[in-house]
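*Asks:* sharing a sequence plus its predicted fold:
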Amino acid sequence: MTDATRAGILPCQSIDDLIAQGAILSATAFDFDQVQPASLDLRLAARCWRVRASFLPRLGRTVASRIADVAMHELDLSRGAVLEKGCVYIAELQERLHLPPGISARANPKSSTGRVDVFVRLLSDNQPAFDDVIEAYDGPMYIEIAPQTFSILVRTGTRLNQLRLKRGAPPKLSTRSVGVDLSDGVAGFRARRHAGVIDMDHVDGHDPRNFWEPLTPQRGELLLDPGEFYILASKEAIEIPVLEAAEMTPIDPSVGEFRVHYAGFFDPGFGTEEAQGVGSKGVLEVRSHETPFLLEDGQTVARLVYEPLTARPSRLYGAMGGHYQRQGLKLSKHFQLWGTGF
């Protein structure tokens, strides 16, 4: 079986080929760092609507026609706009697709988006499911944005989610359990309520003390309060082989009534020796649901599902300055490192 027929996730050079062939289009030039080892960052366009409810376009309906039914008012992102927590927005994306037969896609929030508790989902025409893009899709893409804890400042070009292209139905190679690290010292952070606005394009631009409360577990345990948002780290180091990609399941009721990890994609090379990433932990975005939940050190909180790539990527995670290679417990890139410069 050749790379051209093998089922799997497309690596960066194949995404570059799709762009060159016109299968992925944009009204503006693509950014030099927009293509990741096995995914494509998606950028906000200028138009965004505050909507009264989330929705899905059923078969035969476009997203644009449904926006007209639920829109409250329109925002112009070319000048920047604050998206308020507790509200739902739909924004156009700059990229659109003209996929060839056999190629489909799936979207997920970027790591930096999930780590500030912003819930995002991809919408496409005639598709009654979030985040999945059907084979040979030809049309625009939209993003639903629902800030949960912090209000955020975004603008045209802000990247909140990413797209993984795939050929056929990639097989599941393995599933691995992920435990939580609640050992001594600061083992996590809890989001502060009534904090300020986070500029989603301002790297290292926010004092974390204004947004987060450090947590020190007692006897290796941490009590999750319902409705609160936490940043924790995996007990184990995570490694994604260079010929594989992984997705962390967003919720698994068998391990507890809480949601873990909004941002599901791990690119090839994350945590590997070849990419100078040995020892990288997985950062977990955790929200407890209806009842308080007591976590213990090492307890399984999520699962990683590994899938094959169709070919080895020409560059690995971190080659273009990834913010989270070799990470331990770490807040999103928007914040200064905890304990430095205070």
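*Replies:* On my side now, so go ahead.
*Asks:* and the closest residue in space to D207 that isn't next to it in sequence, how far is that from R219?
*Replies:* Taking Cβ to Cβ, 6 or more residues apart in numbering, and ignoring the residues beside it in sequence, D207 has Q336 as its nearest neighbour in space, at 6.3 Å. (Glycine included, C-beta is placed from N, CA and C.) When distance is defined by Cβ to Cβ, to the nearest Å, Q336 is 31 Å away from R219.
*Asks:* ranges for the helices of this structure?
*Replies:* Taking DSSP state H, the helices of the chain run over residues 12-20, 63-70, 111-114.
*Asks:* what's the closest of those to R315?
*Replies:* Across those, R315 has its closest neighbour in helix 12-20 (6.0 Å, Cβ to Cβ).
*Asks:* re earlier: which one's more surrounded, Q336 and R219?
*Replies:* Counted by other Cβ atoms under 10 Å, Q336 and R219 do not tie: Q336 has more neighbours, with 16 against 8.
*Asks:* state the pLDDT value of the more buried one.
*Replies:* pLDDT, Q336: 93.
*Asks:* what of E290?
*Replies:* At E290, the model reports a pLDDT of 78.
*Asks:* ok, the one 5 residues further on next?
*Replies:* The predicted local distance difference test score for L295 is 92.
*Asks:* ok, now how distant is F32 from I145?
*Replies:* From F32 to I145 the distance is 25 Å (Cβ to Cβ).
*Asks:* higher neighbour count, these two?
*Replies:* Each of F32 and I145 has its neighbours counted (other Cβ under 10 Å); I145 has more, 24 against 7.
*Asks:* what pairs with the more buried one across the strands?
*Replies:* Counting by DSSP bridges, I145 forms beta bridges with Y89, V120.
*Asks:* so it versus L77, what's the distance?
*Replies:* With distances taken as Cβ to Cβ, I145 is found 11 Å from L77.
*Asks:* anything in contact with each of those two?
*Replies:* C48, A91, V154 (Cβ atoms under 8 Å, 6 or more residues apart in numbering).
*Asks:* nearest to F189, of these?
*Replies:* V154 (22.7 Å).
*Asks:* so who does that closest one touch?
*Replies:* Contact partners of V154, counting by Cβ under 8 Å, 6+ apart, are L44, L77, G80, A81, L83, I145, L160, M200, D201.
*Asks:* in a markdown table, list those along with pLDDT and distance to K235.
*Replies:* Compiled in a markdown table, those are given as follows (pLDDT from 0 to 100; distance: Cβ to Cβ, whole Å):
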| residue | pLDDT | distance to K235 |
| --- | --- | --- |
| L44 | 98 | 36 |
| L77 | 98 | 40 |
| G80 | 97 | 40 |
| A81 | 97 | 39 |
| L83 | 98 | 34 |
| I145 | 97 | 32 |
| L160 | 97 | 29 |
| M200 | 97 | 30 |
| D201 | 96 | 33 |
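*Asks:* buried subset of the residues you listed as a PyMOL selection?
*Replies:* Buried subset of the contacts of V154, written as a PyMOL selection, criterion 16 or more other Cβ atoms under 10 Å:
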select buried, resi 44+77+81+83+145+160+200
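*Asks:* show me the contacts of V154 that map onto strands.
*Replies:* Among those, DSSP state E puts L44, A81, L83, I145, L160 in strands.
*Asks:* the third one contacts R155, correct?
*Replies:* No. Taking Cβ atoms under 8 Å as the contact criterion, L83 and R155 are not neighbours in contact, 10.8 Å apart.
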